[in-house]
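>>> Quick one, fold the following:
(chains A and B)
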Amino acid sequence: MQQFVNVTLSGLIQGSVFAAFALALVLIWRSTRIVNFAQGSMAAATAFIALALIHSGQSYWLALVVALAAGFVLGAVVERVIVRPVEGGPELNAVIVTLGLFVAIQALIAIVAGSEFQSFPAPFGLKGFTFGSTTVALTPNSVFILVAVLITMLLLVGLFRFTRVGLAMRASAFGQEVARLLGVRVGRMLTLGWALAAVVGSLSGLLIAGGGLVYPAYMDSLIVFGFVAAILGGLDSPVGAIVGGLLLGLALSYVSGYIPRGSGLVNLAALIILMVVLLVRPGGLFSSTTARRA
Amino acid sequence: MSEPHTPAAARAGEELIEEAPFTATAAANVSSAQATGGRSFLPKSTLLRHLLVLVISAVGAVILLEITDPFTNSQLASLTYYAIAAGGLTVLTGMNGQISLGHGALMAVGAYTTALMLGVDGEPLPLPVIFLVSIALTTVVGALVGVAAARLHGPYLAGATLALAVGLPGLALYFRDTLGGEQGLRVRAPQPPESFRNFIAWVSGNPASSTKWLAYVGTICLLITFFLLANLVRSRIGRTWRAVRDQEVAAELAGINLGAWRVLAFVVSAACAGLAGAVLALVVRLAAPSAFTLVLSLSLLTAIVIGGLGSLLGALLGSALLVFLPPFVTNLGGDFGLSQTGAAQLAPFVYGVVLIVVMIFAPAGFVGTIRLRLMTARAKRAAAVRSSDGG
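Next comes the predicted model:
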């Protein structure tokens, strides 16, 4: 029973980070119909900026803010300079461009910061709470992760629901031509969408790094998990991405918790889940579009 | 709808369409010497022409392997497995419009099969049998992936095969006892046979080392693979693949079963990846998870994109870049005062930047861009001749 509770808890915490990352992918997909495979590298780059600040003696919180701001700028620049020329073109070209960006940023991190494993500090304790005599897998840091993800989601919902900018962003995602006719600066909205997504992605990168090790490729498996979570939710629906992230986190946690030597199988389990979902419901579990051209 | 070189092809197509519609369609489709048009001294029959190219390439390869030093020989051996895999991938991505980031994982299947079969107690089976078994096993895995992939497109397919590339090496860690875990399996490279020593003594008198033997094995595999692929893409099968890539609806109306042909493309491509993995295991003498990372899959993609999607010659040129660029760039990085590990990362950095630049400015790649230039020039010449005839 205790093991079940612990495995479930760590699954939910992992899942919330997957959910945030999947949400970043979905934000970009909705506005530009591109899956940003460079999301992980971009997040890793901001995590290394934060690490450099922490090593130079700054506080974790300042580093967090600077890293998120760097993510915002990076997302905007990437959209404006690199992605804009291939937007609306053949989908394969956009995929290849984001993959190129993925490789280039990762290599750049390795050149600048080295490819060794470095430990990344956590803002709160990593010792589990104790209830009576049992210790559960819920640490102050994981509470921080849950709260941070929750706040981010609420802020995004608020932005899209209650502000003019959010309305304009939704309009340009819904129909570019119509939005442009109605006076929305669609280009700016797309840039803003990428920038916001990069902030969310970099937040999830910082959260998963906390208390662990970082190296240039540490986000690689998170790209896969985030992508699988986003597909579970249909790639089009923010709520779907969050539910998909939590489900995937639970499933992977059960695989590594209950199968002997299962930690080597986690990536494979993600692959199998993805295949099954794509074969049974190609549009995802929460797909809002019913028709999709094969 | 995801033909990769649309913008350039379409642009050139618009320019050409009035002058020479036939050549314009050919520009998007041809994959061999046919593109040179009417005044060709090559044989008319595709098979004969490809046989001729095969013989010339074989002679050229022997000369190249004999005039270069042992280190270059081992580099050329690496070139062969990259080129075999890239050839398979360019058939899948360029001919049929399906992207795969999972070819590194498929190569791992071939490599581990070869390592296991060479590692048996006693006398291992002959090399061709081992190659065929590796190909067969990878083909089965490829068919399974292909069935799933046939229903996907663009980013969905990229993500699914990305999960394959990241997930499959985990099997080597899970079955640690058979597959050697993180350390991987050492491969006992077979010794060159007596006939090979005699052949080398007859050709050049160079020492017939094990490295040279493996370079020859790789080259033979490469030539056979490219010969078969070149014939395949110029056949009914290749035309059907291009139809599936370019016009799904029209292809389906013409009675083509889209899914089945996509699976077939994946199977052919996986067979190449399996052979490439087998050659890799021999040349590197190791099958370990660290050799089949995502970076390998992305390097293959870089090779075919730079060379020109859908062109076998482009795949070969791109693979040459994968082999000869890293030492060059690493030296350059060292000269500019980068540390050794930093300089080693310069090559992937260049790959990434080149991928972006090529996709934005010349999506047809090296071979495709040159081919389109040639065709535009020829169409203009033809138009000039016609207008001077008329006037």
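>>> drop to CA atoms for contacts and neighbour counts, all remaining ones
Will do.
>>> quick one, strands of chain B?
Along chain B, the stretches classed as strands by DSSP state E are B:185-186, B:286-287.
>>> How about residues contacting the last one?
For strand B:286-287, the external contacting residues (C-alpha atoms under 8 Å, 6 or more residues apart in numbering or on different chains) are B:Ala108, B:Ala111, B:Tyr112, B:Ala115, B:Gly184, B:Leu185, B:Arg186, B:Val187, B:Ala281.
>>> Phi and psi next, for the nearest residue to the fourth one once chain neighbours are set aside.
Nearest in space to B:Ala115, with sequence neighbours left out and distances taken as C-alpha to C-alpha, 6 or more residues apart in numbering or on different chains, is B:Val187 at 5.2 Å. In this entry, B:Val187 is assigned phi and psi values of phi -110, psi 130 (degrees, to the nearest 10).
>>> B:Val187 contacts B:Val283, correct?
No - contact criterion C-alpha atoms under 8 Å: B:Val187 and B:Val283 do not qualify, at 9.1 Å.
>>> Which residue ranges of the stretch 101-250 of chain B form helices?
B:103-118, B:127-149, B:154-167, B:170-174, B:176-179, B:194-203, B:210-233, B:236-246, B:248-253 (DSSP state H, counting those that start in this stretch).
>>> Please identify the deepest-packed of those.
Of all the helices of the stretch 101-250 of chain B, helix B:103-118 has the most neighbours on average by mean count of other C-alpha atoms under 10 Å in any protein chain shown, namely a mean of 28.
>>> what mean pLDDT does stretch A:190-200 have?
Across stretch A:190-200, pLDDT averages out at 92.
>>> Can I get it in CSV, CA atoms only?
Provided in CSV are the C-alpha atoms of stretch A:190-200 (Å, rounded to 0.1, in the frame of the first residue of the first chain):
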residue,chain,number,x,y,z
LEU,A,190,2.5,34.1,-33.5
THR,A,191,5.8,35.4,-32.1
LEU,A,192,4.1,36.0,-28.7
GLY,A,193,2.7,32.4,-28.8
TRP,A,194,6.1,30.9,-29.4
ALA,A,195,7.6,33.1,-26.7
LEU,A,196,5.0,32.1,-24.1
ALA,A,197,5.4,28.4,-25.0
ALA,A,198,9.2,28.7,-24.6
VAL,A,199,8.6,30.2,-21.1
VAL,A,200,6.4,27.3,-20.1
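>>> roughly how far is it from the heart of the chain?
The chain centre lies 12 Å from the centre of stretch A:190-200; the measure is C-alpha atoms, centre = their mean, to the nearest Å.
>>> which parts of it are buried?
For stretch A:190-200, the neighbour count (16 or more other C-alpha atoms under 10 Å in any protein chain shown) marks A:Leu190, A:Thr191, A:Leu192, A:Gly193, A:Trp194, A:Ala195, A:Leu196, A:Ala197, A:Ala198, A:Val199, A:Val200 as buried.
>>> could these be laid out in CSV, adding distance to chain B and secondary structure?
Listed next are the buried residues of stretch A:190-200 as CSV, based on distance: C-alpha to the nearest C-alpha, whole Å; DSSP: H, G, I helix; E, B strand; the rest coil:
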residue, distance to chain B, secondary structure
A:Leu190, 19, helix
A:Thr191, 18, helix
A:Leu192, 22, helix
A:Gly193, 19, helix
A:Trp194, 17, helix
A:Ala195, 20, helix
A:Leu196, 21, helix
A:Ala197, 18, helix
A:Ala198, 19, helix
A:Val199, 22, helix
A:Val200, 20, helix
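>>> closest to B:Leu253 among the residues you listed?
Taking C-alpha to C-alpha as the measure, B:Leu253 lies nearest A:Leu190 of the buried residues of stretch A:190-200, at 37.7 Å.
>>> got a list of what the closest one touches?
So A:Leu190 contacts A:Ser31, A:Thr32, A:Glu79, A:Met169, A:Ser172 (C-alpha under 8 Å, 6+ apart).
>>> In helices only, show me the residues you listed.
A:Ser31, A:Thr32, A:Met169, A:Ser172 (DSSP state H).
>>> May I ask which of those has the most neighbours?
A:Met169 (26 neighbours; other C-alpha atoms under 10 Å in any protein chain shown).
>>> Quick check: closest non-adjacent residue to it.
Counting by C-alpha to C-alpha, 6+ apart, the residue nearest A:Met169 is A:Met189, at 5.4 Å.
>>> Could you check how far the nearest residue to B:Asn231 once chain neighbours are set aside is from chain A?
Closest residue in space to B:Asn231, ignoring its immediate chain neighbours: B:Leu47 at 6.9 Å, by C-alpha to C-alpha, 6+ apart. With distances taken as C-alpha to the nearest C-alpha, to the nearest Å, B:Leu47 is found 32 Å from chain A.
>>> Was I right to think B:Leu47 contacts B:Ala230?
No - taking contacts as C-alpha under 8 Å, B:Leu47 lies outside contact range of B:Ala230: 9.3 Å.
>>> residues in the stretch 101-250 of chain B within reach of chain A, list them.
B:148, B:151-155, B:158-160, B:162-164, B:166-168, B:170-171, B:173-174 (C-alpha under 8 Å from any C-alpha of the partner chain).
>>> rerun at 10 Å
B:101, B:145, B:147-175, B:181, B:248 (C-alpha under 10 Å from any C-alpha of the partner chain).
>>> can you check the stretch 251-391 of chain B too?
Going by C-alpha under 10 Å from any C-alpha, the residues of the stretch 251-391 of chain B near chain A are B:258-259, B:294-295, B:298-299, B:301-302, B:305, B:333, B:338-361, B:363.
>>> Among those, which are located in helices?
B:258-259, B:294-295, B:298-299, B:301-302, B:305, B:333, B:340-344, B:346-361.
>>> now the helices for chain A?
A:2-32, A:39-55, A:60-77, A:91-113, A:140-162, A:164-174, A:176-181, A:186-209, A:220-232, A:238-258, A:266-280.
>>> can you tell which of these is closest to B:Leu321?
helix A:91-113 (15.9 Å).
>>> hang on, isn't B:Leu321 packed against B:Pro348?
No - look at B:Leu321 against B:Pro348 with C-alpha atoms under 10 Å: they stay out of range, at 11.9 Å.
>>> which residues do those two both contact?
Common contacts of B:Leu321 and B:Pro348 (C-alpha atoms under 10 Å, 6 or more residues apart in numbering or on different chains): B:Thr302.
>>> who has more neighbours, the two?
Shown here are B:Leu321 and B:Pro348; by other C-alpha under 10 Å, B:Pro348 has more neighbours (24 against 17).
>>> got the contact list for that one?
By C-alpha under 10 Å, 6+ apart, the residues touching B:Pro348 are A:100, A:103-108, B:295, B:298-299, B:302, B:322, B:326, B:329, B:354.
>>> burial count for B:Ser120?
Quick fix: residue B:120 is Val, not Ser. The burial count for B:Val120: 11, using other C-alpha under 10 Å.
>>> Not counting sequence-adjacent ones, nearest residue to residue 244?
All of this is about chain A. A:Ala229 (4.5 Å).
>>> You answered for a different chain; I wanted chain B.
With C-alpha to C-alpha, 6+ apart, the residue lying closest to B:Val244 is B:Ala251, at 5.8 Å.
>>> quick one on the thing from earlier: for the residue nearest to B:Asn231, give me its contacts.
B:Leu47 neighbours (C-alpha under 10 Å, 6+ apart): B:Val53, B:Phe227, B:Leu228, B:Ala230, B:Asn231, B:Arg234.
>>> ok, now A:Val224?
A:18, A:22, A:37, A:40, A:230, A:267, A:270-271, A:274, B:159-167.
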